[in-house]
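Visitor: need coordinates for the following:
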Amino acid sequence: MIGDKWTFLVVRDEQSPVRQYSLSSGLLRVLVAGGLFLIVTLVGSAVTVGFDGYARLKLAQLDTRNATLQDELQDFQTRVNHLGSTLDNIAQNDARFRSIAGLESIDPDVLQAGVGGPGLGTPEDHSLWTIDPVISEELFEASYDLNQLERRAQLLSTSLSEATESLLAQRDLLESTPSILPTSGWLSSSYSESRMHPIHNRPMPHPGVDISAPKGTSIYAAAKGKVIKSGWTVGYGLTIEIDHGFGYRTLYGHASELIAGQGEEVQRGDVIARVGSTGIATSPHLHYEVSVQGITQNPANFILPESLRY
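Guide: Take a look at the predicted model:
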C-alpha cells in the first residue's frame with residue numbers, strides 16, 4: 001500500500017515480466033462491495049430459482065393429488081348412489097316381508113326423511129372451505145348422503161329384525177297349534193255337550209272326538225309341545241296329555257301302550273302311544289280332546305279337513 005493506494009503485483013511465471021497495478025482505497029472498496037453484491041445477487045437468484053422450482057414441483061404434486069382426490073370422491077359418490085339403489089330394493093322386500101309377518105310397512109316419509117340438523121353443520125364449517133370451496137361442498141354432500149343411508153340402513157335392519165321375530169313367533173304358534181288327525185281311523189263319535197253315553201246309558205258331555213282304529217295303531221302328537229301327563233287317568237285309561245303352549249293342550253285317551261314319557265318334548269307327528277280300549281271303552285279307539293285356555297273345544301275345528309274320515 002503506497003499512500004492512499006493499493007498496489008498489486010502479478011507474476012505469471014519466472015520468465016514473464018512482473019506487472020503492477022495500483023488502485024485507490026476508494027475504488028477498491030467499490031470493487032469489493034460490487035463483488036459482494038454480485039455474489040449475493042447470484043446466490044439470491046439461485047435460491048429464488050430453487051425455491052420457485054420446488055414450489056412449482058409441490059404445486060404440481062398438489063394438483064395431481066387434488067385430481068386424484070376428486071376422482072376418488074366421484075367414485076365414492078357413485079358407490080353411495082348404488083348403495084342408495086340397493087337400499088331401495090331392500091326397502092321393497094322389507095315391505096313385503098313385513099306384510100307376510102302381519103306388520104304394517106314403514107311409513108315412506110319416515111324411511112325417506114333427511115338427516116338434517118345442527119349436528120351436520122354446513123360446508124363452510126369444513127377446514128377445506130377456505131382452500132377449495134368446491135371440494136368442501138362435494139364432501140359435505142357425500143357426508144350428508146352417507147348419513148342418510150346409514151339412518152335408512154338402521155331403520156331397515158330394525159324393521160327386518162322385527163319382522164323376523166314376528167314370523168318366528170307365528171311359526172312357533174303354527175307348530176304348536178293342533179292340526180292333524182292323531183291316528184289313522186274313522187270318526188265314530190263327535191264332540192258334544194250332551195250325548196247318550198254307550199256304557200252309562202244316559203246323556204253326558206263328550207268333550208272330544210272318538211276315532212275308531214285297530215288296537216296298536218300309532219297315535220301321533222297333533223303339534224309340538226311337552227308331555228305333562230303319561231299314565232293312568234280314571235275313565236280314560238292310559239292317557240297322554242300334551243301342553244303345546246299358547247294356551248293349547250291335547251289329551252289322548254284309552255291307549256293300549258304309552259310311548260312318550262312325562263316331561264318329554266315332542267314334535268307334530270311323533271308317535272306318543274298306541275290305540276287301545278283301556279279305561280271306560282267298548283272297543284279300541286282314541287279319545288282325543290283339545291282345550292284352549294282351559295276350555296275344551298271341538299277337535300274337528302283343529303283338524304285339517306282332508307284328514308277327517310267319517
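
Visitor: distance of the closest residue to Thr164 other than its chain neighbours relative to Asp270?
Guide: What sits nearest to Thr164 in space, not counting adjacent residues and going by Cβ to Cβ, 6 or more residues apart in numbering, is Ala101, at 7.7 Å. From N, CA and C alone the C-beta is placed, and that goes for glycine too. Applying Cβ to Cβ, to the nearest Å, the value for Ala101 to Asp270 is 28 Å.

Visitor: mind listing the helices for the protein?
Guide: For the chain, helices defined by DSSP state H occupy the ranges 25-100, 108-112, 133-176.

Visitor: and these, which one is worst for confidence?
Guide: Among those, helix 108-112 has the lowest mean pLDDT, at a mean of 68.

Visitor: neighbours around the nearest residue to Ile280 once chain neighbours are set aside, how many?
Guide: Spatial nearest neighbour of Ile280, excluding adjacent residues (Cβ to Cβ, 6+ apart): Gly235 at 5.1 Å. Using other Cβ atoms under 10 Å, Gly235 has 11 other residues around it.

Visitor: any idea how far Gly235 is from Ile219?
Guide: For Gly235 relative to Ile219 (Cβ to Cβ), the value is 18 Å.

Visitor: before we move on, what about Gly84?
Guide: Relative to Ile219, and taking Cβ to Cβ, Gly84 is found at 57 Å.

Visitor: same drill for those two, tell me which one is more crowded.
Guide: Ile219 (30 against 14).

Visitor: tell me the bridge partners for the residue nearest to the more buried one when sequence neighbours are not counted.
Guide: The shortest distance from Ile219 to any non-neighbouring residue, by Cβ to Cβ, 6+ apart, is to Ala273 (4.2 Å). Beta-bridge pairing for Ala273 (DSSP bridges): Ile219, Leu258.

Visitor: shouldn't the residue nearest to Ile280 be in contact with Gly279?
Guide: Yes: using Cβ atoms under 8 Å, Gly235 is in contact with Gly279, at 5.5 Å.

Visitor: list residues touching both of the two?
Guide: Shared contacts of Gly235 and Gly279, defined by Cβ atoms under 8 Å, 6 or more residues apart in numbering, are found at Gly253.

Visitor: burial measure for Phe302, as a count.
Guide: The burial count for Phe302: 18, using other Cβ under 10 Å.

Visitor: for Val275, see how far away the nearest residue to it once chain neighbours are set aside is.
Guide: Once flanking residues are discounted, Phe302 sits nearest to Pro178: 4.6 Å by Cβ to Cβ, 6+ apart. Distance, Pro178 to Val275, by Cβ to Cβ: 18 Å.

Visitor: likewise Leu87?
Guide: Looking at Leu87 against Val275, where the rule is Cβ to Cβ, the gap reads 57 Å.

Visitor: neighbour count winner among these two?
Guide: Neighbour count, other Cβ under 10 Å: between Leu87 and Val275, Val275 has more, with 25 against 18.

Visitor: tell me how far the nearest residue to the more buried one once chain neighbours are set aside lies from Ile242.
Guide: Distances taken as Cβ to Cβ, 6+ apart put Thr217 closest to Val275, at 4.1 Å, once the chain neighbours are dropped. Thr217 sits 18 Å away from Ile242, taking Cβ to Cβ as the criterion.

Visitor: picking up where we left off before, the residue nearest to Phe302 reaches Tyr248, doesn't it?
Guide: Yes: with contact taken as Cβ under 8 Å, Pro178 and Tyr248 are classed as touching, separated by 6.2 Å.

Visitor: quick check: neighbours shared by these two?
Guide: Joint contacts of Pro178 and Tyr248 (Cβ under 8 Å, 6+ apart) are 223, 290.

Visitor: the residue lying closest to Gly279 once chain neighbours are set aside pairs with what?
Guide: If the residues on either side of it in the chain are set aside, Gly279 comes closest to Gly237, at 2.7 Å by Cβ to Cβ, 6+ apart. With DSSP bridges as the criterion, Gly237 is bridged to Thr233.

Visitor: check what pLDDT Gly237 gets.
Guide: 96.

Visitor: that one and His254 touch, don't they?
Guide: Yes: assessed by Cβ under 8 Å, Gly237 is found in contact with His254 at 4.9 Å.
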